[in-house]
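Engineer: From the sequence below, what's the structure:
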Amino acid sequence: MNKLMTSVSGVRGVFADTLNPIIAIKYAAHFALIQKRHYPEEKPHIIVGRDSRTTGQAMLHSIISAIISVGCDVTDLGIVSTPTLLLKVQESDAIGGIAITASHNPPQWNAMKFVDADGMFLSPEKAEYFLNSVENEIIWAAWDSMGKITKDNSAIQEHIDRILAIPYLNLEQIRSRKFKVVLDSVNGAGGLISPYLLEGLGCTVYEINSEATGIFAHTAEPLNENLHQLEEAVTFYKADIGFATDPDVDRLSLVSEQGKCIGEELSVALAELFVLPKKRGDIVVNLSSSMISDDIAELFGVQVHRTKVGEINVGKKMQAIKSPIGGEGNGGIICPDVHYTRDAIAGMALILGLLAEQDKPLSAIVDSLPKYYFAKDKLILDASRMENVMQNIPSFFEGYQLDTQDGIKAIGNKHFIHIRKSGTEPIIRIYVESESIEKSRALCEEAKKIIERASI
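Structural biologist: As a prediction, this is how the structure comes out:
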């Protein structure tokens, strides 16, 4: 049996193994009770939505049952992207929300991501408080205090309208280009929103894997090795660009007009390149994001702020310093003119804006940027050993500058090695970036050996 994963990112597990309707009820009920206590002056109302996973309906009904049974009303958005739900919570009087999605995990997984009243995920402090409360007794509401259920089908269009209203987005210029776009939604929630945004931007859209069945056509994480079908489709249709999203549509990967993946790491960089000439301000990215953000920041005379991995950490820092653009290097673009959360749909609009403005093919824009190369790996490690291993790792990195705010990041000359525990899976992740793929791969292998030695 796997371990139920609980973290600032929510509660995640394999359905019918570590996650089931009873567990969903427990966490949803306690979340609703905590939100009621935190917002006693507000009408208790929570918004829920889900991705397309086959276990989503079972999770949804369990979660709704729990919420109304502790005296909160529920609005059910149906199958929506996670950023759609977050925006809906932000724009409503709800005291919170629950996104039912395991993001990029395989289809047998499901999860709950808990959203605060501001439309952002719970802060680390509040998440810890919530997770520590789940073994307490649940105070169920009386028969005459039950919550009510409503459905809302407006959230997707509201999200699209918000993106089209980005003030520096030149809609006429984008529409005049009549871009040909191939879209791979991996049978997740993206097929219900992404085509409509792209059509609103005047694109001819060729869809693959758009049916929201939850039976993913390929491995759900939008990494280069999983996007061969998209590469072939871009070539076949002679498209200008290919977009790939994960099942809950908060990560965006790109394929150039040449039918080649350019990697999700460049999604945020290209968004930065488009936004900064129009809204000057410091960039915020996480510790594992590419060094290319430093080069782009230098080009525009701004600074880069790096946070712990996790969009709540990036988003809160962006709010604090009024950053105009940022995100996470896994394709998680955060555009504050929409909201302070990762949003692949908003990212599509920004990148099409860049293509229209520069009037160059995507491959040419990418070729003009500095070149860095990532190597990534992961090691499965028993959860009981992780803390001890992470404590031993720094001793193997003499001569490096170390950043320990999130795992261990060893920073060298034009390269870094970042080793951290995953918040969503029982693994240790390794991120390496340098100026050559050979060096990055060699450093990644060395990092794996370091972890193995640290575990002895």
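
Engineer: Can I get stretch 284-304 in CSV? Just the C-alpha atoms.
Structural biologist: Included here for stretch 284-304 are C-alpha records, laid out as CSV according to Å, rounded to 0.1, in the frame of the first residue of the first chain:
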residue,chain,number,x,y,z
VAL,A,284,9.3,35.7,-9.0
VAL,A,285,10.1,32.1,-9.8
ASN,A,286,10.8,29.1,-7.6
LEU,A,287,14.2,27.6,-6.7
SER,A,288,14.0,24.9,-9.4
SER,A,289,13.2,27.3,-12.3
SER,A,290,15.7,28.0,-15.1
MET,A,291,18.5,30.5,-14.9
ILE,A,292,17.1,32.0,-18.1
SER,A,293,14.8,34.2,-15.9
ASP,A,294,18.0,35.8,-14.5
ASP,A,295,19.1,36.7,-18.1
ILE,A,296,15.7,38.1,-19.0
ALA,A,297,15.5,40.1,-15.8
GLU,A,298,18.9,41.6,-16.5
LEU,A,299,17.7,42.5,-20.0
PHE,A,300,14.9,44.6,-18.5
GLY,A,301,16.8,45.9,-15.5
VAL,A,302,14.8,44.0,-12.9
GLN,A,303,15.5,41.4,-10.2
VAL,A,304,14.6,37.8,-9.8
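
Engineer: May I see the buried residues of that stretch?
Structural biologist: By neighbour count on 16 or more other C-beta atoms under 10 Å, the buried set for stretch 284-304 is 284-294, 296-297, 302, 304. Where C-beta positions appear, they are placed from N, C-alpha and C, glycine not excepted.

Engineer: now do stretch 191-207
Structural biologist: Within stretch 191-207, the residues scored as buried using 16+ other C-beta under 10 Å are 191-198, 200-203, 205-207.

Engineer: if we can go back for a sec, out of the buried residues of stretch 284-304, which is nearest to Q319?
Structural biologist: Closest to Q319 out of those is V284 (9.4 Å), distances taken as C-beta to C-beta.

Engineer: Dig out what the residue nearest to that closest one when sequence neighbours are not counted forms beta bridges with.
Structural biologist: Distances taken as C-beta to C-beta, 6 or more residues apart in numbering put G326 closest to V284, at 3.7 Å, once the chain neighbours are dropped. Residues found in beta-bridge contact with G326 (criterion: DSSP bridges) are V284, I334.

Engineer: Surely G326 touches V285?
Structural biologist: Yes. Look at G326 against V285 with C-beta atoms under 8 Å: they come within range, at 5.7 Å.

Engineer: joint contacts of the two?
Structural biologist: Counting by C-beta atoms under 8 Å, 6 or more residues apart in numbering, the common neighbours of G326 and V285 are V268, V314.

Engineer: for stretch 219-231, how far is the first residue from the last?
Structural biologist: Between the opening and closing residues of stretch 219-231 we find a distance of 15 Å, counting by C-alpha to C-alpha, to the nearest Å.

Engineer: Identify the residues contacting that stretch?
Structural biologist: Looking at stretch 219-231 with C-beta under 8 Å, 6+ apart, the contacting residues turn out to be 104-107, 182, 184, 186, 188, 208-209, 217-218, 242, 244-247, 251-253, 255, 259-261, 263-264, 331.

Engineer: Which ChimeraX command selects the buried ones in these?
Structural biologist: Buried subset of the contacts of stretch 219-231, written as a ChimeraX selection, criterion 16+ other C-beta under 10 Å:
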select :104,105,107,182,184,186,188,208,209,217,218,242,244,245,246,247,251,252,253,255,259,260,261,263,264,331
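
Engineer: Identify the residues contacting the helix-or-strand element of the chain with minimal mean pLDDT?
Structural biologist: For the chain, counting by mean pLDDT, DSSP states H and E, helix 383-392 ranks last in confidence among helices and strands (a mean of 81). For helix 383-392, the surrounding residues in contact (C-beta under 8 Å, 6+ apart) are K3, L381, G407, I408, I419, K421, P426, I428, I451, A454, S455.

Engineer: Quick check, pLDDT for N2.
Structural biologist: Reading off the confidence values, N2 has pLDDT 58.

Engineer: excluding its backbone neighbours, what's nearest D294?
Structural biologist: That would be V304: by C-beta to C-beta, 6+ apart, it lies 5.2 Å from D294.

Engineer: Pop out the phi and psi values for the one you found.
Structural biologist: The phi/psi pair for V304 (degrees, to the nearest 10) reads phi -110, psi 130.

Engineer: ok, it to Q405 distance?
Structural biologist: The spacing between V304 and Q405, counted by C-beta to C-beta, to the nearest Å, is 15 Å.

Engineer: returning to that earlier point: list only buried entries from the contacts of helix 383-392.
Structural biologist: If you count burial by 16+ other C-beta under 10 Å, the buried members of the contacts of helix 383-392 come out as L381, G407, I408, I419, K421, I428, I451, A454, S455.

Engineer: picking that back up, could you tell me which residues make contact with the residue nearest to D294?
Structural biologist: With contacts defined as C-beta under 8 Å, 6+ apart, V304 is in contact with D282, I283, V284, V285, S293, D294, A297.

Engineer: Wait, the second one touches S293, no?
Structural biologist: Yes. The pair I283 and S293 passes the contact test of C-beta under 8 Å, sitting 5.5 Å apart.

Engineer: Do a quick rundown of the strands in the stretch 251-400 of the chain.
Structural biologist: For the stretch 251-400 of the chain, strands defined by DSSP state E, counting those that start in this stretch occupy the ranges 252-255, 283-286, 304-307, 326-328, 332-334, 373-380.

Engineer: who does the longest one pair up with?
Structural biologist: Sheet neighbours of strand 373-380, with direction, are listed as strand 427-434 (antiparallel) (DSSP bridges).
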